[in-house]
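> Turn this into a model:
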Amino acid sequence: TGNKGVAFNGLGQGYSGWLVDGAQNTDVGNQNSLSTYPAMEAIGEFRILSSNYSAEYGTTGGANVVAVTRSGSKEFHGSAYEFVRNDVFDARDFFAPTRSPLRYNNFGYTLGGPFFIPGKYNTAKDKDFFFWSQEWRRIRNGVTVQAQTPTDAMRRGDFRELLDPNNPFTRSVVRIIDPTTNQPFENNIIPSGRINSNAKALLDQVIPLPNRGGQALNYVASPSVPTNFRQELIRGDHNFNERVNLMVRYIQDTFDDTPVTTLWSASAFPTVNATIASPGKNLITKLTHAISPKTLNEFNFNVAANKINIALNGNATRPSGLSVAEIFPENRANRIPNIGFSQGWGGISTGSWPWQNKNQVYTWSDTLAHVAGAHSLKVGGHYQWQIKDQNAFGPTQGQFNFSGSFTGNAIADFLLGRPNSYSELDIQ
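Numbers count the residues shown, from 1 in each chain. Got it, this is the predicted structure:
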């Protein structure tokens, strides 16, 4: 679930193609990420075809990155490795009170060689070969988030601090208007009996108190973000004879990441977040036949698949007693509604999660190459079947927006239960 990370010829990342052993390795659902991410130690060679490439690479308009995995040989070979980064080598983020934690460990091993049974099978070690690699990444990365959150007094309806022209939130005097009378509340205080019970419940559950004063961005946190990656790659090569070879290679990735705030949303606080898990698989079977010294045929069958599963963490469930009505019954996981504020106040979102995405690509191709004198001829066919199954994006739990259009302050609008807009998706 990372992106391709590189663009070619002035085009976006989605215009480039990535092939591993001739197999499709692009998530064709978004075109910007890969199905699997082979370990560097498992790559034997790669090429970048930036222009004027042949028709067999015709599924993209940018460039094609063509990688080939390593195979076994007559001798056994292996390796072990680890790449390390650590916060002891880093400086403190300017906005963070302490140095953000970082633990980055990328480690793995490889093993390849002949498959044989002494005195029984493949004794010459020239028929069957294997290559195996396994890699892990353990990343613990501190991320600093800053947001503007209502003070303890504001939560009680007391906005007297906004009468100070030098207050850090507006730098001007703001008088809270009673929308029922169009007159300012006395002393800028909303009576406790006027505070909406639903607003108070949501405020207490998901909007944290300030943890630093004297500035508008009065909330800061630097939690550690865990990312875990694991990959297995296995490849087998079998020589039927000097002219016919069969190669089978399988890659499997498992990946999970838990960002500080809710993924792909405008959520400002870590009280609610989401974990994204994205397993990927890539299988190719390749049969190569040297028909003659000048003619070669290659048949490929490839399956590339990946999923995205996103689950919510934290205080995302509607609290008991919350009486906010919903238009449609679709709200999966009984989530709290999204709350958005204008005027710089941090909001909260549960996104479209829980959510699932499944992408599968089946490819059959056959290529016949022939050398005729000074000319090289190539002809072939390519058939690809793509399946995309994805939940829709949208707030089936509802989305409230508060702009301050009723009282002059978005938080005061919220306390009074006066949104300026509401939206809700009927089905995902």
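
> which residues in the stretch 151-300 of the chain form strands?
Taking DSSP state E, counting those that start in this stretch to define them, one finds strands in the stretch 151-300 of the chain at 177-178, 183-184, 219-221, 224-239, 244-257, 272-277, 280-292, 295-314.

> tell me what the fifth one is packed against?
Under the contact definition 3 or more C-beta pairs under 8 Å, 6 or more residues apart in numbering; DSSP states H and E, strand 244-257 sits against strand 224-239, strand 272-277, strand 280-292. Using the backbone N, CA and C atoms, a C-beta is placed for each residue, glycine as well.

> Show me what counts as buried in that strand.
Within strand 244-257, the residues that qualify as buried by neighbour count (16 or more other C-beta atoms under 10 Å) are 245-251, 253, 255-257.

> from the middle of its chain, how far away would that strand be?
Using C-alpha atoms, centre = their mean, to the nearest Å, the mean C-alpha position of strand 244-257 is found 21 Å from that of the whole chain.

> how near is residue 121 to residue 242?
Relative to residue 242, residue 121 is positioned 18 Å away (C-beta to C-beta, to the nearest Å).

> now do residue 82
Going from residue 82 to residue 242 by C-beta to C-beta gives 41 Å.

> Not counting sequence-adjacent ones, nearest residue to residue 424?
Nearest residue to residue 424 in three dimensions, chain neighbours excluded: residue 398, at 4.5 Å (C-beta to C-beta, 6 or more residues apart in numbering).

> quick one: the one you found and residue 339, what's the gap?
In terms of C-beta to C-beta, residue 398 sits 10 Å off from residue 339.

> Among the two, which residue is more densely surrounded?
The residue with more neighbours, out of residue 398 and residue 339, is residue 339; 24 against 21, by other C-beta atoms under 10 Å.

> Any chance of the backbone angles for the more buried one?
Per-residue torsions, residue 339: phi -130, psi 120 (degrees, to the nearest 10).

> Would you mind measuring from it to residue 323?
16 Å.

> do residue 123 as well
The value you get for residue 123 to residue 323, if C-beta to C-beta is used, is 79 Å.

> got it, and residue 335?
Note on residue 335: its distance to residue 323, by C-beta to C-beta, is 16 Å.

> With residue 82 instead?
Distance from residue 82 to residue 323, counting by C-beta to C-beta: 55 Å.

> and if you look at residue 354?
On the measure of C-beta to C-beta, residue 354 and residue 323 end up 24 Å apart.

> Please say which of the two ends up with more neighbours.
residue 354 (17 against 9).
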